[in-house]
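Colleague: Need the 3D shape of this:
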Amino acid sequence: MSRTPSPNLAERREQLLHRSAQLREQLAQRAQVFRPALRAADKIGVGAQWMRRNPVWGLLGAAALVGVAVTRPGAALRLTMRAWSGWQLLRRVRPVAAGLLRRFF
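Modeller: This is a model prediction of the structure:
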């Protein structure tokens with residue numbers, strides 16, 4: 001029995017290695033779609049870690065929100081609407097601002 005691979009086997013091995021590299025590259029390109037979701041999940045994880053390390057601040061914030069909602073529901077609703085509008089504005093302006101910053105800086 002010969003220990004050296006036959007030329008056909010060596011050629012086939014090279015073809016398979018090349019195909020494997022192509023498939024890995026395709027997978028990496030298609031996985032880019034998930035990058036924003038994974039980045040958001042990372043931010044949520046960081047926030048959860050902070051809350052675990054600083055539970056008092058989370059409880060105080062929640063208590064303050066409940067207190068405002070109970071004592072001044074109209075003010076709480078207006079504040080919520082302003083915060084929501086600000087968030088929507090930020091979501092629309094951020095891509096435009098990022099494009100301008102990339103273009104000029």
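Colleague: and residue 49, how far is that from residue 57?
Modeller: 13 Å (Cβ to Cβ, to the nearest Å). (Glycine included, C-beta is placed from N, CA and C.)
Colleague: Correction: the previous question concerned residue 75.
Modeller: Taking Cβ to Cβ, one finds residue 75 at 22 Å from residue 57.
Colleague: Could you count how many residues lie near residue 65?
Modeller: 13 (other Cβ atoms under 10 Å).
Colleague: Next, residue 54: phi, psi?
Modeller: As for residue 54, its main-chain torsions (degrees, to the nearest 10) stand at phi -130, psi 60.
Colleague: residue ranges of the helices in this structure, please?
Modeller: Taking DSSP state H as the test, the helices found in the chain are 7-31, 35-53, 55-71, 73-104.
Colleague: As TSV, those helices with mean pLDDT would be great.
Modeller: Below are the helices of the chain laid out as TSV (pLDDT from 0 to 100):
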stretch	mean pLDDT
helix 7-31	92
helix 35-53	91
helix 55-71	91
helix 73-104	90
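Colleague: From the centroid of the chain, which residue is nearest?
Modeller: Centroid-nearest residue in the chain, with Cα atoms, centre = their mean: residue 39, separated by 2.0 Å.
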